[in-house]
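A.B. asks: Build the 3D model from these lines:
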Amino acid sequence: MWCSAKVWVHQVDAQMSIELAVLMPVVLVMSLLVFNLARYLGLGMKFSAECSHAIVNLGTTQTSTIQQLGNPTAVKQAIEKNMQLNDLGEIEVQVHERNHFIAETTTFSFLPKVHEYICTLRIKPWPSHFVIAGVSFSPPPFMVYEYRLFVDPYRSGVVV
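C.D. replies: Here you go, the predicted model:
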């Protein structure tokens, strides 16, 4: 009788080890997903604020006659300087002239054209590939965060 009770105690101890071995890879992969999502949201909020400040301060200033669509390089440099991404991601800034207020059929309008700044942040997830005990973590190569802002190119500091 004493021998059978001793075997039962060892079976309970081994069950916990097996549960830990089965659940640990899943928990690690889930923690990597949460870590990357938190980093994406944090960098995205900081990126939105930096884009807004850079576009209002640098992108809406008077432009020369040669460069009619704002100054995307100065905006990009200001954002990169304040974000300090290093190798975490890449920043791209584009400027397009938009005419959202005019119908497609009209040929002339007195309504002003606006400049649309499209700032894109591409964040590299960490790690790029991870496999533990048959459970793999393979995120996309980049997580993309995009910020758009419409400004009036003829009035400094006016955001539409």
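
A.B. asks: So for the chain, which residue is the most central one in space?
C.D. replies: Nearest to the mean C-alpha position of the chain, counting by Cα atoms, centre = their mean, stands Tyr145 at 3.4 Å.

A.B. asks: Report the separation between His53 and Asn86.
C.D. replies: 21 Å (Cβ to Cβ, to the nearest Å). From N, CA and C alone the C-beta is placed, and that goes for glycine too.

A.B. asks: Comparing these two, which shows the higher neighbour count?
C.D. replies: His53 (14 against 6; other Cβ atoms under 10 Å).

A.B. asks: My guess is His96 contacts His115. True?
C.D. replies: Yes - counting by Cβ atoms under 8 Å, His96 touches His115, with 7.2 Å between them.

A.B. asks: Val56: neighbour count?
C.D. replies: Residues near Val56, counting by other Cβ under 10 Å: 18.

A.B. asks: who touches Pro25 in this structure?
C.D. replies: By Cβ atoms under 8 Å, 6 or more residues apart in numbering, the contact set of Pro25 is 132-135.

A.B. asks: ok so, going back, for the residue nearest to the centre of the chain, which residues count as its bridge partners?
C.D. replies: Leu121 (DSSP bridges).

A.B. asks: who's in contact with it?
C.D. replies: 40, 43-44, 47, 120-121, 123.

A.B. asks: ok, Lys76 to Pro25 distance?
C.D. replies: With Cβ to Cβ as the criterion, Lys76 and Pro25 are 40 Å apart.

A.B. asks: Leu85 too?
C.D. replies: 30 Å.

A.B. asks: same deal with Ile55?
C.D. replies: 44 Å.

A.B. asks: Gln94: how many residues sit nearby?
C.D. replies: 13.

A.B. asks: which one is it nearest to, not counting chain neighbours?
C.D. replies: Spatial nearest neighbour of Gln94, excluding adjacent residues (Cβ to Cβ, 6 or more residues apart in numbering): Ile118 at 4.6 Å.

A.B. asks: Where does the one you found sit, in terms of helix or strand?
C.D. replies: For Ile118, the host element (DSSP states H and E) is strand 114-123.
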